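> predicted model, plus sequence, below.
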Amino acid sequence: MQSLVKEYKEKVLLGQCLDLVPLSTEDSDKIVALRNKDKNRYNLNQDYVLTKENQDAWYQQYKERTDDLYWCIFEKDGRFLGTIRLYEIDENNKTCRQGSFIIDDEYSKEGPYALEAIIRTLDLAFGTLALEKVYNDDRADNKVMNNLSKKFGFVFEKEILVKEVPYNLYSVTEEQYQKKREKIQALIDYWATR
Amino acid sequence: MDTKSLLQEIFRDVFDDEELEITEETTAEDIEGWDSLTHIQIIVGIEKKFEIKFSAVEIKASENVGEFIELIDRKVLEKG
């Protein structure tokens, strides 16, 4: 598992409408600008202003970890759309968490980017990494993210507090995900060829 | 069936609500769950049903049912 994670830290996941590009310091400025937008700071419960220095320092720790995969999401035309991540990848329990998910508001209505970014990462989690359950948590008042999780078959487990803010903890198994995947993939297939 | 009725079928399918009623004034504020994701599902539903294509600007600009109807009718007419 650790060698697979290391391999995917360097590997671009090619999609149909977008590509997931492994995190590097090349994209630090874009990530900093995106994460510091007011709406994203609120939804991420980020109570500080991120700087390029913080981001680069975080990357240095990230690149040594073997349980963490972080991607920048790029449209096929090269536009930076956002970020997504699988972390706490646990070989023994066969679980991981999905998070750090942002699609820039400016582009979110232009294509099924959120849907495809999630499909690509869940396919990797359940397929290549052979995990059995993926967790995520959505800020309780973030209706878009809560709706999105449900679209992929995520099931509410319990409310948790993150820095005193209520979040909904969800989990999805491969079976639950596969029941939802076909319809979402059909939409992406259509969009990619329209 | 007129454009509004066909559009209503699409909305009912996207929001999985057979009772959903739309009017020309209906906006995202009026329908629980009409967000950027369901917006794309609506666009895809319309394009398939009416065999038309929206531009990126049109996709972003359409914010209520009346605007969708106007746009659909214009594009269907252009298509001939």
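Good, I have the coordinates. Residues are numbered from 1 along each chain as shown, chains lettered A, B, ... in the order given.
> and for residue 28, the neighbour number?
Looking at chain A here, since you left the chain open. 20 (other Cβ atoms under 10 Å in any protein chain shown). Where you see a C-beta, it was placed from the backbone N, CA and C, and this is true even at glycine.
> that's the other chain; I wanted chain B
Neighbour tally, residue B:28, other Cβ under 10 Å: 14.
> same question for residue A:89.
Count around residue A:89 with other Cβ under 10 Å applied: 24.
> Three-state assignment for it, please.
strand (DSSP: H, G, I helix; E, B strand; the rest coil).
> quick one: the helices in the chain?
Just going to use chain A. Under the criterion DSSP state H, helices of chain A are mapped to A:2-8, A:28-35, A:38-44, A:52-62, A:113-123, A:143-151, A:174-193.
> not quite, go with chain B.
Using DSSP H, helices in chain B cover B:3-14, B:36-50, B:56-61, B:65-79.
> which one of the ones you listed is the most hemmed in?
helix B:36-50 (a mean of 20; mean count of other Cβ atoms under 10 Å in any protein chain shown).
> so what's the nearest residue in space to residue A:94 that is not next to it in sequence up against?
Ranked by Cβ to Cβ, 6 or more residues apart in numbering or on different chains and with sequence neighbours excluded, the top spatial neighbour of residue A:94 is residue A:132, at 4.1 Å. Residues in contact with residue A:132 (Cβ atoms under 8 Å, 6 or more residues apart in numbering or on different chains) are A:94-95, A:126, A:173-174.
> quick check: phi and psi on residue A:132?
phi -110, psi -20 (degrees, to the nearest 10).
> how close does it get to residue B:18?
35 Å (Cβ to Cβ, to the nearest Å).
> contacts only, for the residue in chain B that chain A sits nearest to.
Nearest residue of chain B to chain A (Cβ to the nearest Cβ) works out as residue B:36 at 3.9 Å. Contacts for residue B:36 (Cβ under 8 Å, 6+ apart) come out as A:103, A:105, A:108-109, A:114, A:144.
> try 10 Å
A:103, A:105, A:107-114, A:144, A:148, B:28, B:60 (Cβ atoms under 10 Å, 6 or more residues apart in numbering or on different chains).
> tell me which residue of chain A lies closest to chain B.
Relative to chain B, the nearest point of chain A is residue A:108 (3.9 Å; Cβ to the nearest Cβ).
> mind pulling up the pLDDT for that residue?
If you check residue A:108, the pLDDT there is 85.
> next one: residue B:52
Listed pLDDT for residue B:52 reads 94.
> what's the answer for residue B:31, then?
The model's pLDDT for residue B:31 equals 89.
> so what's it up against?
Counting by Cβ under 10 Å, 6+ apart, residue B:31 touches B:11, B:14-15, B:17, B:20, B:22, B:38, B:65.
> next one: residue B:59
Residues in contact with residue B:59, defined by Cβ under 10 Å, 6+ apart, are A:109-111, B:39-40, B:42-43, B:47, B:53, B:71.
> of the residues you listed, which is the nearest to residue A:85?
Taking Cβ to Cβ as the measure, residue A:85 lies nearest residue A:111 of the contacts of residue B:59, at 20.8 Å.
> need the contact list for that closest one.
Residue A:111 touches A:17-18, A:75-76, A:81, A:103, A:188, A:191-192, A:194, B:36, B:40, B:43, B:56, B:59, counting by Cβ under 10 Å, 6+ apart.
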